[in-house]
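Asker: predicted model and sequence below, questions to follow.
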Amino acid sequence: MRKLTYVILLQFILFALTGIKTQSRIVVHPVLSSKQAQLRSPKSAEHNHSRPLIHPPIPTELPQTEKIAIVMLDKPQSPQEILAQFPTLKLRYTFEHALIGFSVKGTIETLQQLAKHTNILNISPVNNYQVERISPIFQPEPNNENLKIIGGDEARGLYDQNNQRITGKGVTVGVIDTGIDYTHPDLQANFKGGQDFVDGDSDPMETKGIAGASTLHGTHVAGIIAANGKIKGVAPEANIIAYRALGPGGSGTTEQVIAAIEQAIKDRVDIVNLSLGNNVNGPDLPISLALNHAVEKGITAVTSSGNSGPNRWTVGSPGTAAKAISVGASTPPQEIPYLQITGNQAPIRMEPLQGSPEWNQSIHTNLAFGGLGRMEELNDVKEKIVMLKRGQLTFTQKVKNAAKAGAAAVIISNNTKGSFSGNLKETVPIPVAAISKQDGEMIRKIDPSSARTILIEEKDILADFSSRGPVTGTWEIKPDVVAPGVAINSTIPGGYLSLQGTSMAAPHVAGACALIKQAHPNWGPDEIKAALMNTAKPITNQNGQEYKTFEQGSGRIQPLQAIKLETLVLPGSLQFGKFKLADNLHQHQAFVKIKNVSDTDKNYYFTIPKQEQGLQWDFPLSIKLKPHEEKQIPIRMTVNADQFTKKIYDGYLQLNEGSNQIKIPYIYVLEEPDYPRVMGFEFGNADKENTYRYEVYLPGGADEFGIALFHPSNFQFVGYLDWQRNVPIGALEKEISKTKLPVEGLYIAKVFARKSGKEDMIEAMVEILPESGESQFGKK
């Protein structure tokens, strides 16, 4: 890093001497179309910290720059009373339930003064939240195949205490999203009103009539929960209250989402669903804390884990909320394309990109290699399957170029270790899928005379895009469960559509919660969450290997079993914290509460875990509970840390009652796990004219942090957007005058952070355009 820094500095001097154009605006496009991509920066000699590093002139943020912030208090106090000392601050929202605090707008200088007030617990910048940019998979005939795999149709054959069919009747679900098309015939009977926190009224209709920014996400989510027409949701007679917190294009802010949670608490909904998020893996962001408070108020909170998989540490807020149910995505039964190459025994699994036309077995042709997908690289691809490398061009640009050159299909190989999933932003005429870097390198080494695609049925595996845990800082298991999130048919304004994402998985769980709540009206959020986790089915990959607990939580939900279960174990998962090598022989303890919710005596015993070197368990071998009795049980883990070699250890403890088994996921970490040191980079237009804003999240803080721009064609250094030393843990936000921007064009932004000798870097394409039209916003 040191050598790289000095090279950049020399180039920056040349850049500074050439002058900078001032008429520009910024758009950010991902270099890698997955929501988050960590790239390891080059390793080099350690920095010499005996003297400060030389760095270029960095754009500074003026004290008069205005910002919106969430203010959290350590005890209730009137915002007006506090703000009387700061007359220039403008009060926006007051929070009494989701948080104790308020939101304000004011200058950085005044906000810094406000932070010194004795009752201020924390001041957090307003972040952007949005639904995934989703593309249609196909226009389906209405069906309910996704419900069959989780047993949702069977659960509706049960009866509640009042001899009513279990359909979610009498249960209210709040949907915090882009709004709902409440005129849809499949949703009209369920809709019970709502609020719009984008336009500030009581009409939570989806965004309509704005080119490129119309929305359908909330209607799709609501249909999965409770549609009752041509298609049936999981809980078709549940009530739906819509809270529009995300506006045109599916974007919203922290304060809009918290205001929606606040209103849901006031409305006393039973369940709230948030199929939204960002790519910040942090447990203490305001929305995550607000969801925890909602649970404490008696609301079961369900949220998507994110679509940034398949790597670890990719779960995003609010999927990091400890008390909420964070949901990953599994696959319902579907046919997946594999690439079969003559002479290669094992077929290669391909991951269709979201928005791709369906693959079929008719694609049987030669392979061709087309570099990065530029037109000049696609000279001999007509009627062939063309394999492209990931990078520099967007997925959509690559596929459109290949189609123009006459290709029959496109395969994109990853440019970093592992596989990936992606999203096409426009309709394309030919199928496109992704493969891993390793498979791509293997294919390029052979001389395939022919290739064909074959279709293999898969079900109950984890979707590649589904975000994984654990959570940074708390080391908790997230997601908690998984549910179908691939090729899910549901309602949209004016019809039906098949979409995919953890946004589609979460409402399956929200609907299941509604069924459980009707069957067990006295159960609170903790019991409902435990019921789903205690009865979930752990799933395996294509090779029969069980996924890690921090990838799938307890497994894929089974609502029928959750309704019928007679024993609850709370919490549904255990985390034993972080061990240090210096601890040597160290003991950690956690507690579980076992509740007999049946009318008969129950005898329980734990299965002794498989013996592991350096690890010893201590828990009661047997427990007896009378009807409706509960008991808290200590579980002790003794660890000899110097015998361990990995950073993360996980598994399941098993509680048995007769032939019934409850698996309890657990996790513990050794020393400082190798989580990404930088995440959640966003860059775009600020509220004030002629200024731009970036946001980034540093889970462990940074000894050194920077954002450097490079030309994509020759990787020549252009300049720094920022460079700092000794940055604290948490969100970092800065506004930059457009006079500090380089000339218009496309640039690669390398965002890097270094902490305790470990470095991480993420990339995004930054496009600087002549100022015109409406501003756009991108994220990485």
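Answerer: Done, it's in.
Asker: okay, now the closest residue to Gly106 other than its chain neighbours: neighbour count?
Answerer: Distances taken as Cβ to Cβ, 6 or more residues apart in numbering put Leu89 closest to Gly106, at 4.0 Å, once the chain neighbours are dropped. Glycine gets a C-beta too; all of them are placed from N, C-alpha and C. By other Cβ atoms under 10 Å, 21 other residues sit near Leu89.
Asker: over to Val718?
Answerer: Val718, neighbours per other Cβ under 10 Å, totals 22.
Asker: excluding chain neighbours, what is closest to it?
Answerer: Using Cβ to Cβ, 6+ apart and skipping the chain neighbours, the partner closest in space to Val718 is Leu709 (4.1 Å).
Asker: repeat that for Pro507.
Answerer: Nearest non-adjacent residue to Pro507, counting by Cβ to Cβ, 6+ apart: Ile224, 3.9 Å away.
Asker: just give me the neighbour total for the one you found.
Answerer: By the criterion of other Cβ under 10 Å, Ile224 has 32 neighbours.
Asker: show the average pLDDT along the helix or strand hosting it.
Answerer: Ile224 is located in helix 217-226, with elements delineated by DSSP states H and E. Mean pLDDT, computed over helix 217-226, is 97.
Asker: what is that helix packed up against?
Answerer: Here helix 217-226 touches strand 172-177, strand 239-244, strand 488-492, helix 502-519, going by 3 or more Cβ pairs under 8 Å, 6 or more residues apart in numbering; DSSP states H and E.
Asker: switch those over to CSV; also include mean neighbour count.
Answerer: Shown next, in CSV, are these (neighbours: other Cβ atoms under 10 Å):
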stretch, mean neighbour count
strand 172-177, 30
strand 239-244, 27
strand 488-492, 25
helix 502-519, 30
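Asker: ok, now which ones touch the residue most central in space within the chain?
Answerer: Centroid-nearest residue in the chain, with Cα atoms, centre = their mean: Gly306, separated by 1.8 Å. By Cβ atoms under 8 Å, 6 or more residues apart in numbering, the contact list for Gly306 reads Lys35, Gly277, Asn279, Thr314, Val315, Gly316, Gly319, Ser466, Ser467, Thr502.
Asker: angles on the backbone of the third one, please.
Answerer: The phi/psi pair for Asn279 (degrees, to the nearest 10) reads phi -100, psi 30.
Asker: what's the spacing between it and Pro286?
Answerer: From Asn279 over to Pro286 the distance is 16 Å, taken as Cβ to Cβ, to the nearest Å.
Asker: ok, those two, which is more surrounded?
Answerer: The neighbour count for Asn279 versus Pro286, taken as other Cβ under 10 Å, is higher for Pro286 (29 against 25).
Asker: let me know the pLDDT of that one.
Answerer: In this model, Pro286 is scored at 92, pLDDT.
Asker: what do you get for Lys738?
Answerer: 68.
Asker: just the helices in this structure please.
Answerer: 2-18, 79-83, 108-114, 145-150, 152-155, 217-226, 254-266, 286-296, 395-404, 437-445, 502-519, 525-534, 549-552, 559-564 (DSSP state H).
Asker: among the ones you listed, which is nearest Pro620?
Answerer: Nearest to Pro620, of all those, is helix 525-534, at 18.3 Å by Cβ to Cβ.
Asker: tilt between the closest one and helix 286-296?
Answerer: Between the axes of helix 525-534 and helix 286-296, defined by axes from the mean of the first three to the mean of the last three Cα atoms, to 10 degrees, the angle is 100 degrees.
Asker: who touches helix 525-534?
Answerer: Contacts for helix 525-534 (Cβ under 8 Å, 6+ apart): 295, 298-301, 323, 325, 480-481, 509, 512-513, 516-517, 520, 523, 553-554, 557, 559, 562-563, 565, 567-573, 595, 662, 665.
Asker: quick one, which of these are buried?
Answerer: The neighbour-count test (16 or more other Cβ atoms under 10 Å) applied to those identifies 295, 299-301, 323, 325, 480-481, 509, 512-513, 516-517, 520, 523, 553-554, 557, 559, 562-563, 565, 567-573, 595, 662, 665 as buried.
Asker: if I look at the residue nearest to Pro507, how far off is Ile240?
Answerer: Applying Cβ to Cβ, the value for Ile224 to Ile240 is 11 Å.
Asker: low pLDDT regions in the stretch 351-500 of the chain?
Answerer: In the predicted model, the stretch 351-500 of the chain carries pLDDT under 70 at residues 361-362, 418, 448, 450.
Asker: can you do 90?
Answerer: When residues are selected by pLDDT under 90, those of the stretch 351-500 of the chain lie in 351-368, 380, 383-384, 390-394, 414-429, 436-460, 464-465, 472-474, 486-487, 497-500.
Asker: how about the strands in it?
Answerer: Along the stretch 351-500 of the chain, the segments classed as strands by DSSP state E, counting those that start in this stretch run 351-352, 364-365, 367-369, 385-389, 409-413, 432-435, 451-458, 481-484, 488-492, 495-499.
Asker: which elements pack onto the fifth one?
Answerer: If I follow you right, that is strand 409-413. Helices and strands touching strand 409-413, by 3+ Cβ pairs under 8 Å, 6+ apart, are strand 385-389, helix 395-404, strand 432-435, helix 437-445.
Asker: swap in 10 Å and give it another go.
Answerer: Applying 3 or more Cβ pairs under 10 Å, 6 or more residues apart in numbering; DSSP states H and E, one finds that strand 409-413 makes contact with strand 334-341, strand 385-389, helix 395-404, strand 432-435, helix 437-445, strand 451-458.
Asker: same question, the first one
Answerer: For strand 351-352, the contact count by 3+ Cβ pairs under 10 Å, 6+ apart identifies strand 334-341, strand 432-435 as packing neighbours.
Asker: ditto for the longest one
Answerer: If you count contacts as 3+ Cβ pairs under 10 Å, 6+ apart, strand 451-458 packs onto strand 334-341, strand 348-349, strand 364-365, strand 385-389, strand 409-413.
Asker: what is the burial count for Tyr159?
Answerer: 10.
Asker: okay, and the common contacts of Ile224 and Ile240?
Answerer: Residues touching both Ile224 and Ile240 by Cβ atoms under 10 Å, 6 or more residues apart in numbering: Gly233, Asn273.
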